[in-house]
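> Just to be clear, the model below is a prediction. Sequence and coordinates:
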Amino acid sequence: MTARQVTIEDVARTAGVSRQTVSNALNAPHRLRATTLARVTAAIDELGYQPDQSARSLRTGTRKVIGYPAPADNPADPNPLMGGFLQALVSAADAVGHRILLFRCDPEHGAGAVAKSFNGLIAARQVDGFILSDVIHDDPRVDVLAEAGFPFAAFGRTAPGRPQNWVDIDSAAATAALVGRLLDQGHRRICYVNSAASLPWLADRRAGLLQAAAAVPDGAFEVGVPDDDPAQLSHAVQRLLVGPDRPTALVCATDWLALTAYQAVRAAGLTVGADIAVTGFNDLPLCQVLQPALTSVRLPLSAIAHALVDRLITAVEDPAAAPTSGLLLPAEPVVRDSTPQR
């Protein structure tokens, strides 16, 4: 007998219980005695019974499906960070019996296009709620879902006055911890290699650096170029590395900027690690293959995904209990040879 042929009546006969008891075991196990629940569960496992999810959806009004608007990406040059997050999200949803529905929604196309993408799925009752990533303060996706009164959870902080069901990492604290380590090693001239992108998490990283370096007599200074152009940035960093007042450490807003910093250090005739410390952020796979390996900050993608799924399901199943404040998670510094002990 295959799983598709097994019915709820088959399970009931095998377990020696009524059809309603099997239904309770699947949908309200707290109503059953432990011995009865164990007997029904054993029968389900023995027969390979799979509940009819479409019928369950009609009864409960839920699909056990979470919508996720996949960020725009270049298939020829994919973003490994968001690829890792998607894997973590699928695993977190699967752990609680949910599926992820991917769809395209580009906020840059305007609020109208965003509303069309989301409202179509809502009207068709294809999802129970949404998880958003790369959320910015004035995110049109947040506004559309808030206006619709539809459940969502956000990876990234939403602006005041909007639903606060979000999860984020404490980028400021993570950057401050990196700078603190450099200060403990004796570094007193620290240059922040900044990104030209106007994104909230990048602003948090810069704020963390400035806070940690405030007590240093020479403080910290920064360098950056329009559009993060690698050639221009490399030349700008090289100019800083010439002369007696050159920085002893380069704290980079991202791992990609750190890669440019490596190129600039070598072009200046210096050695990363031995002559100047370099750090990144995000801990992309390239960090481990650089020579020397790059110290960076690893995002806890699995913890983020599980927290988002948990908060969304709470909002779906009990709107009155939906979180009204965000959750900040610590990031993990990964120390490698680009910041050796001095």
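In hand now; what should we look at?
> Next, count neighbours for residue 213.
23 (other C-beta atoms under 10 Å). C-betas here are computed from N, CA, C, even on glycine.
> Sorry, slip of the keys, the one I care about is residue 310.
17.
> ok but it is inside a helix, no?
Yes - the assignment for residue 310, made by DSSP: H, G, I helix; E, B strand; the rest coil, places it in a helix.
> ok, now how distant is the residue nearest to residue 226 when sequence neighbours are not counted from residue 224?
Closest residue to residue 226 apart from its sequence neighbours, by C-beta to C-beta, 6 or more residues apart in numbering: residue 196 at 5.6 Å. In this view, residue 196 and residue 224 are 6 Å apart by C-beta to C-beta, to the nearest Å.
> So which of these two has more stuff around it?
Neighbours were counted for residue 196 and for residue 224 using other C-beta under 10 Å; residue 224 has more, 18 against 13.
> I'd say that one and residue 197 touch.
No - taking contacts as C-beta atoms under 8 Å, residue 224 lies outside contact range of residue 197: 9.9 Å.
> tell me which element residue 197 is part of?
Assigned by DSSP states H and E, residue 197 falls within no helix or strand.
> What residues does the closest residue to it other than its chain neighbours make contact with?
Nearest-residue entry for residue 197: residue 228, 7.0 Å, with adjacent residues in sequence omitted and distances by C-beta to C-beta, 6+ apart. Residues in contact with residue 228 (C-beta atoms under 8 Å, 6 or more residues apart in numbering) are 195-197, 256-257.
> What residues does residue 253 make contact with?
Neighbouring residues of residue 253 by C-beta under 8 Å, 6+ apart: 192-195, 202, 205-206, 281.
> can you check residue 195 too?
202, 224, 228, 253-254, 257.
> hmm, back to that, any chance of the contacts of residue 228 in CSV, with pLDDT too?
Below are the contacts of residue 228 laid out as CSV (pLDDT from 0 to 100):
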residue, pLDDT
195, 95
196, 94
197, 92
256, 95
257, 96
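> Could you single out the nearest of those to residue 240?
residue 257 (13.8 Å; C-beta to C-beta).
> Tell me which two in the contacts of residue 195 are the farthest apart.
For the contacts of residue 195, the maximum inter-member distance is 11.6 Å, found between 224 and 254 (C-beta to C-beta).
> Skipping adjacent residues, who's closest to residue 178 in space?
Using C-beta to C-beta, 6+ apart, the closest residue to residue 178 is residue 279 (5.1 Å).
> Touching, that neighbour and residue 255? I think so.
No - applying C-beta under 8 Å as the test, residue 279 and residue 255 come out as separate, 9.4 Å apart.
> where do the contact lists of the two overlap?
Common neighbours of residue 279 and residue 255 (C-beta under 8 Å, 6+ apart) are 294, 296.
> more crowded one of the two?
Using other C-beta under 10 Å, the more surrounded residue of residue 279 and residue 255 is residue 279, with 30 against 22.
> Which residue ranges of the stretch 101-250 of the chain form strands?
Ranges of strands within the stretch 101-250 of the chain are 129-132, 152-155, 166-169, 190-193, 220-223, 249-252, based on DSSP state E, counting those that start in this stretch.
> next helix or strand past the strand or helix carrying residue 13?
Residue 13 belongs to helix 8-15 when assigned by DSSP H and E. Once the chain leaves helix 8-15, the next helix or strand it forms, by DSSP H and E, is helix 19-27.
> Check which helices and strands that following helix sits against.
If contacts are counted by 3 or more C-beta pairs under 8 Å, 6 or more residues apart in numbering; DSSP states H and E, helix 19-27 sits against helix 8-15, helix 34-47.
> could you dump the ones you listed to a markdown table with mean neighbour count, distance to residue 104 and mean pLDDT?
Output for the helices and strands packed on helix 19-27, formatted as a markdown table (neighbours: other C-beta atoms under 10 Å; distance: least, C-beta to C-beta, whole Å; pLDDT from 0 to 100):
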| stretch | mean neighbour count | distance to residue 104 | mean pLDDT |
| --- | --- | --- | --- |
| helix 8-15 | 18 | 38 | 90 |
| helix 34-47 | 16 | 38 | 88 |
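> okay, the ones you listed in TSV with distance to residue 85 next?
Output for those, formatted as TSV (distance: least, C-beta to C-beta, whole Å):
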stretch	distance to residue 85
helix 8-15	37
helix 34-47	33
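> what about those, which gets the closest to residue 71?
helix 34-47 (38.7 Å).
> angle of that closest one against helix 19-27?
Orientation check (axes from the mean of the first three to the mean of the last three C-alpha atoms, to 10 degrees): helix 34-47 against helix 19-27 gives 90 degrees.
> quick check: angle from helix 34-47 to helix 8-15?
Using the same axes, to 10 degrees: helix 34-47 against helix 8-15 is 120 degrees.
> quick one: contacts of helix 34-47?
By C-beta under 8 Å, 6+ apart, helix 34-47 touches 1, 3, 6, 10-11, 14-17, 21-22, 25, 29, 32, 49.
> Report the residue spans of the stretch 201-342 of the chain with pLDDT below the cut-off.
The model of the stretch 201-342 of the chain has pLDDT under 70 over residues 217, 219, 342.
> and residue 160, how far is that from residue 137?
9 Å.
> Between these two, which is the more surrounded one?
residue 137 (13 against 7).
> which residue sits closest to the more buried one in space, ignoring its chain neighbours?
Using C-beta to C-beta, 6+ apart and skipping residues adjacent in sequence, the residue nearest residue 137 is residue 159, 4.2 Å away.
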